[in-house]
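Peer 1: I'll drop the sequence and a predicted model, then ask my questions.
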Amino acid sequence: MSLFVLDFGGTSIKYGVWEKEILTSKGSVTTPASWEKMKIVLKSLKDVMAGTYSIEGVAISAPGAVNQKRGVIEGASAIPYIHHFPIFKELEELFECPVAMENDANCAGLAEVWLGAAKDYHNVLFVVIGSGIGGAIIIDKKVWHGKHLFGGEFGFMLLNGKQTFSELGTAVHMAKRTEKRKGLPEGELDGKAVFRLAEQGDPVAAEEVEKFYHYLAQGIYNLQYCFDPEKIIIGGGISGKEDLIPQLNKKLQEIVDQVGIAPFVPDIALCKFKNDANLIGAVYNYKIVYG
C-alpha cells in the first residue's frame with residue numbers, strides 16, 4: 001500500500017508517492033489560481049498515481065496554521081484560498097480516502113527527526129531560515145503546536161528591543177540592509193552576493209555579514225536556553241552555505257563566554273533533506289495520525 005504525498009506552495013505544488021519506505025514518482029505543477037481549479041489538478045494527479053500504485057491515503061504539507069482538530073487551515077499564506085473552510089473534509093471527499101495534513105515547517109522538522117539529521121533524538125528544534133524565520137518544536141518526536149498554533153514561529157522573537165529575529169537573522173534582510181547602506185537599487189543584491197563582497201574586502205558587506213551571524217547565533221542561543229533541546233537543526237536556503245556551522249559555532253562560543261554562567265554551546269546541525277523535506281515529513285505526520 002502507498003501514500004499519495006503533496007506539498008502545497010505559493011508557486012508550485014510538489015507531489016510524489018511513498019512506496020516501500022521511499023519517495024518516488026516525484027514531480028511538480030504550478031499552483032492553480034483558485035480552489036476549484038486546485039481540486040481538479042489534485043484529483044487528476046491522484047488518479048494518475050492510482051493507476052500504478054495502490055493508494056491508501058493522502059499526506060499533505062501546507063502553509064498556514066493547520067488546525068488538525070477542526071480540519072481547517074487557519075491564519076494566512078501565499079495561497080489565500082485554502083484558508084478558513086473545512087478543507088480536510090473536502091479533500092477526503094475528493095480523494096475518497098483518509099487525508100492527513102500538517103504545516104510545512106512542521107513537516108520539515110518531522111522529516112529530520114524521523115529519518116534525517118535528528119533521527120537519533122526525540123526533542124529537537126527545527127529552524128527554517130529564508131525570507132523570514134520559522135520552524136518547528138518537536139517533543140517526543142511529535143510537533144508541539146502551542147495554544148494558538150504558533151509553536152515554532154521563532155521569527156517573532158525580538159533580539160535588540162526593536163527588531164525581530166526574522167529581520168536580523170536572515171541573509172535576505174542582510175542583503176536589503178547592504179543595498180540601503182551602499183545606495184543600491186532594491187533587488188540588486190542577494191545573500192550570496194553580500195557574502196562574496198565581504199570575502200573580497202568590502203567593509204559595508206563585511207559589517208552586515210558580521211551582524212547576520214551575530215544575531216542568528218543570538219537567536220539560536222536564546223532558543224537553546226528556553227527549550228533546551230537535544231539538537232537544533234537548521235534548514236532553509238542558508239543551510240547550503242558550507243561554512244555556516246563553523247561560523248555559527250564561533251559566534252555561539254563568544255556568546256557563551258560573554259554570558260559566563262551558560263555551561264554549554266548549543267548543538268547545531270544542518271538539515272539532511274532539502275526539497276523533499278516537506279513531503280517526507282507529511283508521510284510521518286500521516287503515520288502519527290493514523291498509526
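Peer 2: Received, thanks.
Peer 1: Only C-alpha atoms from now on, for both contacts and neighbour counts.
Peer 2: Will do.
Peer 1: residue ranges for the strands of the stretch 101-250 of the chain, please.
Peer 2: For the stretch 101-250 of the chain, applying DSSP state E, counting those that start in this stretch gives strands covering 124-129, 133-139, 142-143, 231-235.
Peer 1: Strand 133-139 and the first one, what's the angle between them?
Peer 2: This points to strand 124-129. 170 degrees (axes from the mean of the first three to the mean of the last three C-alpha atoms, to 10 degrees).
Peer 1: before we move on, back to that, out of the strands of the stretch 101-250 of the chain, which gets nearest to Ala205?
Peer 2: Ranking the strands of the stretch 101-250 of the chain by proximity to Ala205 (C-alpha to C-alpha) places strand 124-129 first, at 19.5 Å.
Peer 1: for that closest one, the distance to its chain's centre please.
Peer 2: Strand 124-129 has its C-alpha centroid displaced from the chain centroid by 7 Å (C-alpha atoms, centre = their mean, to the nearest Å).
Peer 1: Partner strands of it and their direction?
Peer 2: Here strand 124-129 has these sheet partners by DSSP bridges: strand 133-139 (antiparallel), strand 231-235 (parallel).
Peer 1: Dump those to JSON lines, plus distance to Trp114, mean neighbour count and mean pLDDT.
Peer 2: Output for the strands paired with strand 124-129, formatted as JSON lines (distance: least, C-alpha to C-alpha, whole Å; neighbours: other C-alpha atoms under 10 Å; pLDDT from 0 to 100):
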{"stretch": "strand 133-139", "distance to Trp114": "11", "mean neighbour count": "24", "mean pLDDT": "96"}
{"stretch": "strand 231-235", "distance to Trp114": "13", "mean neighbour count": "24", "mean pLDDT": "96"}
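Peer 1: Turn those strands into a markdown table, including distance to Leu279.
Peer 2: Formatted as a markdown table, the strands paired with strand 124-129 follow (distance: least, C-alpha to C-alpha, whole Å):
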| stretch | distance to Leu279 |
| --- | --- |
| strand 133-139 | 15 |
| strand 231-235 | 15 |
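Peer 1: Indicate which one of those strands is closest to Tyr290.
Peer 2: That would be strand 133-139 among those, by C-alpha to C-alpha, at 18.6 Å.
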